[in-house]
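Structure, please.
(2 chains)
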Protein chains: 2
Amino acid sequence: MSSLASRSDQIVRVAVIGVGLVGAEFVDQLLALPTPNPFRLVCLCSSKNILLALGGLSFSAQGWRSELWKSETKLGGFTDLAEKLSTLVVPNQKVVLVDNTANEAVAASYPIFLKAGINVITPNKKAFSGELSLYDDILATSAVSGARFLNESTVGAGLPIISTLKDLVTTGDKVLKIEGVFSGTMSYIFNEFSPAQGTGPAFSSVVRIAREKGYTEPHPADDLNGADVGRKLTILSRYIPALRTSLPSGYKSVNTRSLVPAELDNIESGDEFIEKLPAFDEQFDKMRKEASTEGKVLRFVGVVDVQNGVIKADLQRRVRCGHLSYPNTHPFATALGGSDNIIMFHTERYGPRPLIVQGAGAGAAVTAMGVLSDLLKLV
Amino acid sequence: MSSLASRSDQIVRVAVIGVGLVGAEFVDQLLALPTPNPFRLVCLCSSKNILLALGGLSFSAQGWRSELWKSETKLGGFTDLAEKLSTLVVPNQKVVLVDNTANEAVAASYPIFLKAGINVITPNKKAFSGELSLYDDILATSAVSGARFLNESTVGAGLPIISTLKDLVTTGDKVLKIEGVFSGTMSYIFNEFSPAQGTGPAFSSVVRIAREKGYTEPHPADDLNGADVGRKLTILSRYIPALRTSLPSGYKSVNTRSLVPAELDNIESGDEFIEKLPAFDEQFDKMRKEASTEGKVLRFVGVVDVQNGVIKADLQRRVRCGHLSYPNTHPFATALGGSDNIIMFHTERYGPRPLIVQGAGAGAAVTAMGVLSDLLKLV
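Numbering: from 1, shown residues only, chains lettered A, B, ... in the order given. Predicted structure coming up:
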């Protein structure tokens, strides 16, 4: 990095794993920060190559891609990396692992880094939405070493969702219910499929076009099955004291209504899935007609229903996701467009009218921005 | 305060000035934090009385009102208070002044506190929306001493508006335009006066009822003149590098279309103002009819138009507030209710669809929460 902070005690050492769409955009944004740039890149790591220089990597803002590509060093494993980085952790010297992958193994290694005093920042949902035991390990190691984990961009990308929830909870407000459209992909699909006027294209054609535009995962069932939304709900739930331990298997404990037809459940190829989906258009059309007859639209939403859960003591229904119908006048019907996320926080202090955050909840630029703004919070 | 943090190096000393609606709610919320409570109240100050104990005031969560009321000590001035508090500022020991007044003199004293190393947290708009010289003094003293000022609740109360804007700017996004309904009072008035169906009660009757409900200032002209919105726009503008110095006289430099009829400009009594307002109902009704004919509603909005300003080099039009008409399908028409604020951030990274934050932008509970969440950021 060409520019160094003026006071060395303010320099934060940064190791970046993952240089895909979000990762590459993050490195670009990091290198473009105005001087004095308080961050010094000490490690950059793709799935194949690694650049490591504990004193600081030096290359121009344009040059990092070719430098990384040329590198022949291999990653010796996360324990090895954590040990190397931990030598940089001394009083007033912060070190951060930025995980820009969606990798499960990297996620499982967070406790190693946190234990070594290395802060973890990531848009990777895996560690926070899986088994409770890993999450507990993350909390415990962070509490002991004082290293922090920040994951704003795991929900809503750059939108202030987790920070808002944390502020509500830590200041003593009572969260009653969180309800929202959490998936940019599912937002796009339902905004197209079920507009306020009631009619629209066939479900399979909307999904096909969304896939062609790169909005869905390579296999659209990975969006339609609700797992992504379930992961986000799990992450949010764990910030709510009353719900922290209520999803022992993470997103798999979320009450999820998948939109993948049972007959297509085991199709491994995304192409074949798209080919066979039209056979189910009639049943999707029926759902849309039923909603439309009542003056409603369909949306794929996630709900964290704290109050309901407390009253009914019905764990399984507290955190749920699936398609629901909303009146044509509801913000989920009137305010959404493109691949917007919208999240409503119903709380005791906000009373009958919720606090709402809305905007693009996917995309490399806004996701990387969420990661970078977490990083800036460490300075 | 009954509970003390376990490690003394994490204790933050807090001096609170102002125990009105917001101030009293803030003290209640502060004392209700779960143990270990990292904050120790060392000073509590109304317009008449002061409680000061540098070692920490001790009273129960219920008892502070009567203790303060019984106190006979008087405040010896802000310089005196800053000197006393500054003795608590040593490495790893933070001291904070929380100003819960709307007082101009307290606001003018922030540089004294910041210079002494005392952090300032406040919902008081005065210092950040007045003369640029005071604001510059605040920036300069804060930069030298390292003491911070946090003012999230000056705009949108507890809503994440300033933090969102800061995140956008510091991560390198380009803010093109901010547009919103920034006043809870004006939101209520126009939601009632100009609903989507086009007709509604007379303007003067809406204002009268809003005043009776305690939504307006004692003198409604203090809301209708747009100064409150102008102050909020000034605060936001100063976080945008391109606009930081563009409002030399603060909110007085904002291009403001007041709704106070010229004939009522010099009426000093709120009661008399309410009495005389019906004479102008016809002209307000005409405005509403014109909008309605075009399928639009009226809203009182504020705009920070960075792009427009840069292109036209027209300082006066960059930051403006007044009533504007919006299509019945616009979120300002469809999504608002009660005394909601709604703020849209149009930025380069968010592209054609803005990032939106919405919710109650006034009220003691949510304003105090905004102050408390700023305070928690210091730990």
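
ok so A:Leu336 is a helix residue?
No - A:Leu336 is assigned coil when assessed by DSSP: H, G, I helix; E, B strand; the rest coil, not a helix.

List the single closest residue to it in space, sequence neighbours excluded.
Spatial nearest neighbour of A:Leu336, chain neighbours left out: A:Asn191 (5.5 Å); criterion: CB to CB, 6 or more residues apart in numbering or on different chains. Heads up, the C-betas are built off the backbone N, CA and C, glycines and all.

Give me the number of neighbouring residues for that neighbour.
Residues lying near A:Asn191 (other CB atoms under 10 Å in any protein chain shown) number 22.

Correct me if wrong: it contacts A:Ala335.
No - contact criterion CB atoms under 8 Å: A:Asn191 and A:Ala335 do not qualify, at 10.5 Å.

Could you chop chain A up by domain?
According to the TED database, chain A is divided into the following domains: A:11-157+A:365-377, A:161-360.

Reformat those domains as JSON lines; add mean pLDDT.
Compiled in JSON lines, the domains of chain A are given as follows (pLDDT from 0 to 100):
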{"stretch": "domain A:11-157+A:365-377", "mean pLDDT": "93"}
{"stretch": "domain A:161-360", "mean pLDDT": "93"}
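
out of these, which comes closest to B:Phe78?
B:Phe78 sits nearest to domain A:161-360 of all the domains of chain A, at 27.1 Å, using CB to CB.

Show the end-to-end separation of the closest one, please.
This stretch, domain A:161-360, spans 12 Å end to end (CA to CA, to the nearest Å).

Stretch A:106-115 too?
For stretch A:106-115, the end-to-end distance is 15 Å (CA to CA).

try stretch A:158-166
Start-to-end, stretch A:158-166 (CA to CA) is 15 Å.

For it, buried residues please.
A:158-165 (16 or more other CB atoms under 10 Å in any protein chain shown).

picking up where we left off before, any idea which of the domains of chain A gets closest to B:Thr216?
Of the domains of chain A, nearest to B:Thr216 by CB to CB is domain A:161-360, at 19.0 Å.

chain center to that closest one, what's the gap?
Remark: domain A:161-360 is offset 14 Å from the chain centroid, using CA atoms, centre = their mean, to the nearest Å.

swap in stretch A:141-158?
12 Å.

For A:Glu131, list the residues it contacts.
Contact analysis of A:Glu131 by CB atoms under 8 Å, 6 or more residues apart in numbering or on different chains lists A:248-250.

which of the residues you listed lies closest to chain B?
Closest to chain B out of these is A:Pro248 (24.4 Å), distances taken as CB to the nearest CB.

circling back to that earlier point, would you turn the contacts of A:Glu131 into a markdown table with neighbour count, distance to B:Arg299 and secondary structure?
Shown next, in a markdown table, are these (neighbours: other CB atoms under 10 Å in any protein chain shown; distance: CB to CB, whole Å; DSSP: H, G, I helix; E, B strand; the rest coil):
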| residue | neighbour count | distance to B:Arg299 | secondary structure |
| --- | --- | --- | --- |
| A:Pro248 | 11 | 48 | coil |
| A:Ser249 | 12 | 47 | coil |
| A:Gly250 | 25 | 43 | helix |
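
Output those in CSV, with distance to chain B appended to each entry.
Formatted as CSV, those follow (distance: CB to the nearest CB, whole Å):
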residue, distance to chain B
A:Pro248, 24
A:Ser249, 28
A:Gly250, 26
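
just the strands in the stretch 101-250 of chain A please.
A:119-121, A:149-150, A:175-181 (DSSP state E, counting those that start in this stretch).

which of those is buried the deepest?
strand A:119-121 (a mean of 26; mean count of other CB atoms under 10 Å in any protein chain shown).

ok, that strand: who's next to it in the sheet?
Strand pairing for strand A:119-121, using DSSP bridges, gives strand A:94-99 (parallel), strand A:149-150 (parallel).

interface residues of chain A facing chain B?
Within chain A, the positions near chain B by CB under 8 Å from any CB of the partner chain are A:29, A:32-33, A:158-160, A:163-164, A:167-168, A:170-173, A:329, A:331, A:334-335, A:337-338, A:340, A:345, A:349-360, A:365-366, A:369, A:372-373, A:376.

please redo it, this time with the cut-off set to 6 Å
The interface of chain A toward chain B, taken as CB under 6 Å from any CB of the partner chain, is made up of A:29, A:32, A:160, A:164, A:167, A:170-172, A:331, A:334-335, A:337-338, A:349-350, A:353, A:355-360, A:365-366, A:369, A:372-373, A:376.

Please pick the buried ones from those residues.
A:29, A:160, A:164, A:167, A:170-172, A:331, A:334-335, A:338, A:349-350, A:353, A:355-360, A:365-366, A:369, A:372-373, A:376.

Sort out which of those are in helices and list them.
Using DSSP state H, the subset of these located in helices is A:29, A:164, A:167, A:170, A:331, A:334, A:365-366, A:369, A:372-373, A:376.

could the residues you listed go into TSV alongside distance to B:Leu233?
Shown next, in TSV, are these (distance: CB to CB, whole Å):
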residue	distance to B:Leu233
A:Gln29	28
A:Thr164	23
A:Asp167	24
A:Thr170	29
A:Pro331	25
A:Thr334	27
A:Ala365	27
A:Val366	25
A:Met369	24
A:Leu372	27
A:Ser373	23
A:Leu376	25
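
Determine which two of the residues you listed are furthest apart.
A:Thr334 and A:Leu376 (34.4 Å).

and the residue positioned nearest the centre of chain A, how far is that from A:Pro123?
Central residue of chain A (CA atoms, centre = their mean): A:Thr154, 2.2 Å from the mean position. Applying CB to CB, to the nearest Å, the value for A:Thr154 to A:Pro123 is 6 Å.

ok, now which ones touch A:Arg148?
A:Arg148 sits next to A:Asn119 when contact means CB atoms under 6 Å, 6 or more residues apart in numbering or on different chains.

And it, how far from chain B?
A:Arg148 is 12 Å from chain B, where distance means CB to the nearest CB, to the nearest Å.

Can you add distance to B:Lys70 and give the buried residues of stretch A:158-166 back as a markdown table?
Formatted as a markdown table, the buried residues of stretch A:158-166 follow (distance: CB to CB, whole Å):
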| residue | distance to B:Lys70 |
| --- | --- |
| A:Gly158 | 50 |
| A:Leu159 | 48 |
| A:Pro160 | 43 |
| A:Ile161 | 45 |
| A:Ile162 | 44 |
| A:Ser163 | 40 |
| A:Thr164 | 39 |
| A:Leu165 | 40 |
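
check contacts around A:Ala365.
If you count contacts by CB under 6 Å, 6+ apart, A:Ala365 has them with A:25, B:349.

how about a cut-off of 10 Å?
Each residue near A:Ala365 by CB atoms under 10 Å, 6 or more residues apart in numbering or on different chains is listed here: A:21-22, A:25-26, A:28-29, A:157-158, B:171, B:173, B:347-351.

Which single one of those residues is nearest to A:Val14?
Within those, distances to A:Val14 taken as CB to CB reach their minimum at A:Phe26, with 9.9 Å.

Perfect, I'm done here.
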